[in-house]
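A.B. asks: sharing a model that was predicted from the sequence below.
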Amino acid sequence: MEKKFDTIIIGSGPAGLAAAIYAERAKLECLIIEKNYVSGGQVINTYEVDNYPGLPGINGFDMATKFREHADALGAEFVTAEVSDIIIEETDRKVVTDQGEFIGKTVILAAGARHRKLGVPGEEELAGMGVSYCATCDGAFFKNKTVAVVGGGDVAVEDAIFLARVCEKVFLIHRRDELRAAKILQEKLFACGNVEVIWDSVVNSINGEENVESVTVTNIKNEKEEKVAVDGVFIAVGILPNSEVFQNIVETDEHGYIVANEDCVTNKKGIFAAGDIRTKMLRQIITAAADGANAVTSVQNYLIYA
Ligand SMILES: Cc1cc2nc3c(=O)[nH]c(=O)nc-3n(C[C@H](O)[C@H](O)[C@H](O)COP(=O)(O)OP(=O)(O)OC[C@H]3O[C@@H](n4cnc5c(N)ncnc54)[C@H](O)[C@@H]3O)c2cc1C
């Protein structure tokens, strides 16, 4: 007979791994399905995490490894597969993947989020040839070179600060005349001697034959266009939820986030949403991990009372 899990967790970022830890400690039969060969989600692409209590300045990859090792030590079962659908049957939820189907009494959607693209000419063609979405992953390739970072939030400013340590010159291209990033980050940014902010400007195209050679930028106030010579472009203009697969299964908001409160309960019985994928105020490691714990508590309540 096919094994039926108490809960199937989709995604092994901080939300999924925290859920796995709580599920194992609650003695639930649980399976974690992760499409990547490495657990950790967005955290593995983070050079330094400096806001998680007790682990100041930890490297993202090390943190993700610790989270995964904790789940492994408790006996969590993982499978590498990409989820493409969930079929809801009376008491079962059938999770469809490229490696077969898995049956759970409940499912926790912890598939997180991904980088938003600029959608300009050259972005796709030069991806991996100077266009990057992860300064911490690719910054070292641009040692002593000139790069541009696009965006004005925390991630863009963090990226610019990080790259300023490695690169000769960093342009920060932002569409407004002030940054959205936290003030402490802005102070650090403006203290960097080799960062120049190009205000009120948008990128029209990323140019180059085989590698990035320049970006064409328009100032939206005076409509002046200029070509800025750069060796790389780091795009940090926000994230999108990985909820496409689940949009016909659970309710999502206008941005695609799965509608769920702190209890992680969705509008579909037995389906829960945790971490960056759900509607929430703050998308961070600590809130994702908290969601994992809350989702398992809701799963337990569901299994008792359903
Ligand atoms: C560059 C960067 C820097 C950051 N810095 C910080 C920081 O300093 N401090 C902080 O607190 N937060 C930081 N964050 C935010 C933090 O990483 C996220 O809030 C957190 O990782 C969200 O966790 P999650 O588990 O919800 O989702 P994710 O981390 O996105 O993990 C989701 C997982 O689900 C998997 N998945 C997706 N779809 C499927 C599918 N169909 N089938 C199977 N698996 C699937 C993905 O492969 C991924 O492993 C940063 C984010 C980025 C991008």
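C.D. replies: Looks like it arrived, so ask away. Numbers count the residues shown, from 1 in each chain.
A.B. asks: ok, Leu55 touching Val49?
C.D. replies: Yes. Between Leu55 and Val49 there is a contact under Cβ atoms under 8 Å: 7.0 Å. C-beta: built from backbone N, CA, C; applies to glycine.
A.B. asks: which one's more surrounded, those two?
C.D. replies: Using other Cβ atoms under 10 Å, the more surrounded residue of Leu55 and Val49 is Val49, with 19 against 14.
A.B. asks: am I right that Asn204 is in a strand?
C.D. replies: Yes. Under DSSP: H, G, I helix; E, B strand; the rest coil, Asn204 falls within a strand.
A.B. asks: ok, it - contacts?
C.D. replies: Going by Cβ atoms under 8 Å, 6 or more residues apart in numbering, Asn204 touches 120-121, 216-218, 225.
A.B. asks: buried subset of these?
C.D. replies: By neighbour count, with 16 or more other Cβ atoms under 10 Å, the contacts of Asn204 hold 120, 216-217 as buried.
A.B. asks: export those to JSON lines and append columns for pLDDT.
C.D. replies: Below are the buried ones among the contacts of Asn204 laid out as JSON lines (pLDDT from 0 to 100):
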{"residue": "Val120", "pLDDT": "98"}
{"residue": "Thr216", "pLDDT": "98"}
{"residue": "Val217", "pLDDT": "98"}
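A.B. asks: okay if I get the residues you listed as CSV plus secondary structure and distance to the ligand?
C.D. replies: Formatted as CSV, the buried ones among the contacts of Asn204 follow (DSSP: H, G, I helix; E, B strand; the rest coil; distance: Cβ to the nearest ligand atom, whole Å):
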residue, secondary structure, distance to the ligand
Val120, coil, 20
Thr216, strand, 25
Val217, strand, 23
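A.B. asks: just give me the closest of those residues to Glu168.
C.D. replies: Distances from Glu168 to these, taken as Cβ to Cβ, are shortest for Val217 (19.2 Å).
A.B. asks: leaving out chain neighbours, which residue sits closest to that closest one?
C.D. replies: Spatial nearest neighbour of Val217, chain neighbours left out: Ser201 (4.8 Å); criterion: Cβ to Cβ, 6 or more residues apart in numbering.
A.B. asks: give the contact list for that neighbour.
C.D. replies: 173-175, 217-220.
A.B. asks: buried members of those residues into PyMOL, please.
C.D. replies: Those of the contacts of Ser201 that count as buried under 16+ other Cβ under 10 Å are selected in PyMOL with:
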select buried, resi 173+174+175+217
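A.B. asks: got JSON lines for the contacts of Ser201, with secondary structure and distance to Lys4 too?
C.D. replies: Output for the contacts of Ser201, formatted as JSON lines (DSSP: H, G, I helix; E, B strand; the rest coil; distance: Cβ to Cβ, whole Å):
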{"residue": "Ile173", "secondary structure": "strand", "distance to Lys4": "52"}
{"residue": "His174", "secondary structure": "coil", "distance to Lys4": "51"}
{"residue": "Arg175", "secondary structure": "coil", "distance to Lys4": "50"}
{"residue": "Val217", "secondary structure": "strand", "distance to Lys4": "56"}
{"residue": "Thr218", "secondary structure": "strand", "distance to Lys4": "57"}
{"residue": "Asn219", "secondary structure": "strand", "distance to Lys4": "60"}
{"residue": "Ile220", "secondary structure": "coil", "distance to Lys4": "56"}
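A.B. asks: pull the most distant pair out of the contacts of Ser201.
C.D. replies: Greatest spacing in the contacts of Ser201, by Cβ to Cβ: His174 and Thr218 (12.9 Å).
A.B. asks: how many other residues sit next to Phe272?
C.D. replies: Counted with other Cβ under 10 Å, Phe272 comes out at 29.
A.B. asks: next one: phi and psi at it?
C.D. replies: Backbone torsions of Phe272, given as degrees, to the nearest 10, read phi -120, psi 150.
A.B. asks: does anything pack onto the lengthiest helix in the chain? Which helices or strands?
C.D. replies: Scanning the chain for the helix with the most residues, using DSSP state H, yields helix 285-305. Packing partners of helix 285-305 (3 or more Cβ pairs under 8 Å, 6 or more residues apart in numbering; DSSP states H and E): strand 4-10, helix 14-25, strand 100-109, strand 271-273.
A.B. asks: how about the residues of the stretch 51-200 of the chain near the ligand?
C.D. replies: Within the stretch 51-200 of the chain, the residues that sit near the ligand (Cβ under 6 Å from any ligand atom) are 51, 82-83, 110-113, 155.
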